[in-house]
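>>> dropping a prediction and its sequence here:
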Amino acid sequence: MTDMTPMLDCDAVMRQLWDYIDGELTEERMAAIRAHLVLCARCQPQHEFERTFLKTLAQVRSEHSNPGSVRERVMAALHNEGFVAA
Ligand SMILES: [Zn+2]
């Protein structure tokens, strides 16, 4: 059988999460990680965090041209989303 999806453990998912969010993995791998994220309570929040982080970063970059303030703005935005502890 070639359509068997290998079981991914959490560490494997975490390692590939950025590439997954960027859509840079193979179809098979994207599907395997997607399936894992649906079921795994441990990886779900991490996925949410990284997706929000990238989205926020993109927004900040498109809105502001001062690179020195990007980090602060991202951290503030993430804090507003409830992701970063005060
Ligand atoms: Zn997991």
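Right, received. Where do you want to start?
>>> where along this structure do the strands fall?
Shown for the chain, no strands are assigned by DSSP state E.
>>> any idea which residue sits dead centre in it?
Residue closest to the average C-alpha location in the chain (Cα atoms, centre = their mean): residue 50, at 3.1 Å.
>>> surely it meets residue 22?
No - using Cβ atoms under 8 Å, residue 50 is not in contact with residue 22; the gap is 10.1 Å. Backbone N, C-alpha and C define where each C-beta goes, glycine included.
>>> how about stretch 72-79: buried residues?
Residues of stretch 72-79 classed as buried: 73, 74, 77, 78 (neighbour count, 16 or more other Cβ atoms under 10 Å).
>>> so for it, mean pLDDT?
Model confidence over stretch 72-79, given as mean pLDDT, is 84.
>>> from the chain's centre, how far out does stretch 42-57 sit?
4 Å (Cα atoms, centre = their mean, to the nearest Å).
>>> for that stretch, give me every contacting residue.
10, 13-14, 17-18, 20-22, 36-37, 70, 74, 77-78, 81, 83 (Cβ atoms under 8 Å, 6 or more residues apart in numbering).
>>> filter those residues to the buried ones?
Neighbour counting over the contacts of stretch 42-57 (16+ other Cβ under 10 Å) leaves 13, 17, 20, 21, 36, 37, 74, 77, 78, 83 as the buried ones.
>>> same for the worst-scoring helix or strand of the chain on mean pLDDT, what does it pack against?
Lowest by mean pLDDT, DSSP states H and E among the helices and strands of the chain is helix 70-80, with a mean of 83. With contacts taken as 3 or more Cβ pairs under 8 Å, 6 or more residues apart in numbering; DSSP states H and E, helix 70-80 sits against helix 43-63.
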